[in-house]
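Colleague: Fold the following and give me the result.
(chains A, B, C and D)
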There are 2 protein chains.
Amino acid sequence: MPKAFSSEVATGSREENASKKGSKLDLFRFVPFRLNRLAAEVSSALSVEYQERYGLDIPEWRVLATLGFRVEPCSAQYIAHCTRTHKSTISRAVTALMKRQMVERVENADDRREFALRMTRKGKALYEELIPRLLRREQEILSCLSAQERKDFANLLGKIENSLELVQTAKDAGATDAY
Amino acid sequence: MPKAFSSEVATGSREENASKKGSKLDLFRFVPFRLNRLAAEVSSALSVEYQERYGLDIPEWRVLATLGFRVEPCSAQYIAHCTRTHKSTISRAVTALMKRQMVERVENADDRREFALRMTRKGKALYEELIPRLLRREQEILSCLSAQERKDFANLLGKIENSLELVQTAKDAGATDAY
DNA sequence: TTTAGATAGTTGCAAGTGAGACTATCATAG
DNA sequence: CTATGATAGTCTCACTTGCAACTATCTAAA
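Modeller: As a prediction, the model looks like this:
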């Protein structure tokens, strides 16, 4: 290995935290960066399941997850809103899932602009097969935490989500296009 | 508003959690989804600062953040590794930053494949101006948590990061291309 | 009824990004 | 010295996705 500057990583050069003028920022202690990195890593860990195994991408998986959890069928817009995914992304995901006959849609007589989406038998089968795998993965990822710590983590996430108004309420539902 | 199925969101239809066959998955309790959503939201909140105000995108900001925190100059590869960003992305960010004269690079006599990157005076000025804004934003986002809760949250994040080996050690540094 | 504005969903376009090929350079073994 | 393999950085390609325009439909008000 060449005697270069790339040898010491992350741990190196951390002493001089407060510089002469202005404050420095340690990327590794910066929560936004950490969240991004962690989310990317967790996603990639899960994608092994739904992507490689079942050929689903994230938006498609979100559509199935929403349809699978709800009892009533729902619209694409609904899925877009409550998963906070852009409606065009959801639209493409639904199209793909319909092509694969995982999802079907029926016209809504009351409002012919929107469609009721629901999983087909085939889609339900895939869903039933996929869910336990994903839950297992989630548990694996969280296995480094104790039961209490997992609870705490979920609570803390919830507080931040609430403060950022990430959690949809019934009132917000069909509110606006630009959520 | 049309009397459609899109009225009740997130709170609705949550009763039937355990279905007849197989378990359901509540997307809103599923940590991977929550992390993704939260990270996206936090990123977008911060992008107001570095993007709209200073015309930086995330990779460019990561380059500056890494260069600004370290005392020694470092290589593009180093930044790619410890920020877990693809080397081609970092390469493009460095190119853009050099065009704007925020960053300069000097050849490394010991290894002429790599370059030492460091911020210019102009880059440092931008960095000094940006950091306090970002730290303020981070505090705003975390302001819904008490001091103790912030600590706990950081600790829990750390545990998960460690278990996923997200935190680079000196040993991993120049290890492989496919991190 | 007519008109203006809002909404559901689709699509074209452009920007960003990862994968992987490619060049140049370095290290090591023979 | 030479050959092989690894590494730093760049570049092309393909894919994804957000944005915004567009169509069709609905609501509400004049």
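Colleague: Look up phi and psi at residue A:118.
Modeller: phi -150, psi 160 (degrees, to the nearest 10).
Colleague: And residue A:111, by the same measure?
Modeller: According to degrees, to the nearest 10, residue A:111 has phi -150, psi 100.
Colleague: go on, residue A:42?
Modeller: Per degrees, to the nearest 10, the backbone of residue A:42 is at phi -60, psi -40.
Colleague: what about it, how many neighbours?
Modeller: 24 (other C-beta atoms under 10 Å in any protein chain shown). Where C-beta positions appear, they are placed from N, C-alpha and C, glycine not excepted.
Colleague: and the closest residue to it other than its chain neighbours, helix, strand or coil?
Modeller: Excluding its sequence neighbours, the residue lying closest to residue A:42 (C-beta to C-beta, 6 or more residues apart in numbering or on different chains) is residue B:32, at 4.8 Å. Following DSSP: H, G, I helix; E, B strand; the rest coil, we place residue B:32 in the helix state.
Colleague: if I read this right, residue B:32 contacts residue A:43, doesn't it?
Modeller: Yes. Taking contacts as C-beta atoms under 8 Å, residue B:32 lies within contact range of residue A:43: 6.4 Å.
Colleague: More neighbours: those two, which one.
Modeller: Per other C-beta under 10 Å, whichever of residue B:32 and residue A:43 has more neighbours is residue B:32, with 22 against 16.
Colleague: How about the helix or strand residue A:44 falls within, which residues are buried there?
Modeller: When elements are assigned from DSSP states H and E, residue A:44 belongs to helix A:31-47. Along helix A:31-47, these residues count as buried under the neighbour rule (16 or more other C-beta atoms under 10 Å in any protein chain shown): A:31-43, A:46-47.
Colleague: count of neighbours near residue A:125?
Modeller: Residue A:125 has 13 nearby residues by other C-beta under 10 Å.
Colleague: and the gap between it and chain B?
Modeller: Separation of residue A:125 from chain B (C-beta to the nearest C-beta, to the nearest Å) stands at 10 Å.
Colleague: Please identify the helix or strand for that residue.
Modeller: Here residue A:125 is assigned to helix A:121-142, by DSSP H and E.
Colleague: Let me see the ranges of the helices in chain A.
Modeller: A:31-47, A:58-69, A:76-83, A:87-99, A:121-142, A:147-163 (DSSP state H).
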